[in-house]
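Colleague: Starting from these lines, generate the structure:
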Amino acid sequence: MNFIDWKNYFDERIIARGEQYFLNGAVRSLSVKNHCATAIVSGTYDYRVEIHFSDDEITEMDCTCPYCQDEGYDCKHMVAVILALINPNFKEIDIKKLVESASDEQRKRFLQKVLENNLSLALQLKAFIEGTL
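Modeller: Residues are numbered from 1 along each chain as shown. Here you go, the predicted structure:
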């Protein structure tokens, strides 16, 4: 499944949060029937997400979370389900094992590259090193 322009439905902050939910394995009970995907996404609570589609285009989305129900916005839970649909063979990454498998030089190069593109994360690392985080 490859939804065209799905990111246009969400702002970048919601996409980033939904990616974290997806990467952390929060999407459960995913099923697809009659052009409708349903799943449970575990967050603060469990929320039910429905995504209706035709071919590669999303036609309707709904989630039982307050952000969607009360505010009327598309949410991070929807992003997580879309990512699960377009990445069906994804396996949850063991972060500890991944970090340990990299050499010191690889970790340093990666960290520098990530921090050069993310001031917020660089400030968090600085606070962590200084003991204020």
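Colleague: When you work out contacts or count neighbours from here on, use the C-alpha atoms and nothing else.
Modeller: Will do.
Colleague: so Gln124 makes contact with Leu133?
Modeller: Yes. Using C-alpha atoms under 8 Å, Gln124 makes contact with Leu133 at a distance of 7.2 Å.
Colleague: Gln20 looks like it's in a helix, true?
Modeller: Yes. According to DSSP: H, G, I helix; E, B strand; the rest coil, Gln20 belongs to a helix.
Colleague: neighbour-wise, which of Gln124 and Leu133 wins?
Modeller: Gln124 (14 against 10; other C-alpha atoms under 10 Å).
Colleague: Packing partners of the strand or helix carrying that one?
Modeller: In this structure, Gln124 sits in helix 119-130 according to DSSP states H and E. Contact analysis of helix 119-130 by 3 or more C-alpha pairs under 8 Å, 6 or more residues apart in numbering; DSSP states H and E lists helix 104-116 as its packing neighbours.
Colleague: I'd like to check the angle between the helix holding Gln124 and helix 104-116, please.
Modeller: 130 degrees (axes from the mean of the first three to the mean of the last three C-alpha atoms, to 10 degrees).
Colleague: tell me which residues in helix 119-130 are buried?
Modeller: Within helix 119-130, the residues scored as buried using 16 or more other C-alpha atoms under 10 Å are Ala122, Leu125.
Colleague: Using just helix, strand and coil, how would you label Ile58?
Modeller: Assignment for Ile58 (three-state DSSP): strand.
Colleague: measure the closest residue to it other than its chain neighbours to Cys68 for me?
Modeller: Nearest non-adjacent residue to Ile58, counting by C-alpha to C-alpha, 6 or more residues apart in numbering: His52, 6.0 Å away. His52 sits 16 Å away from Cys68, going by C-alpha to C-alpha, to the nearest Å.
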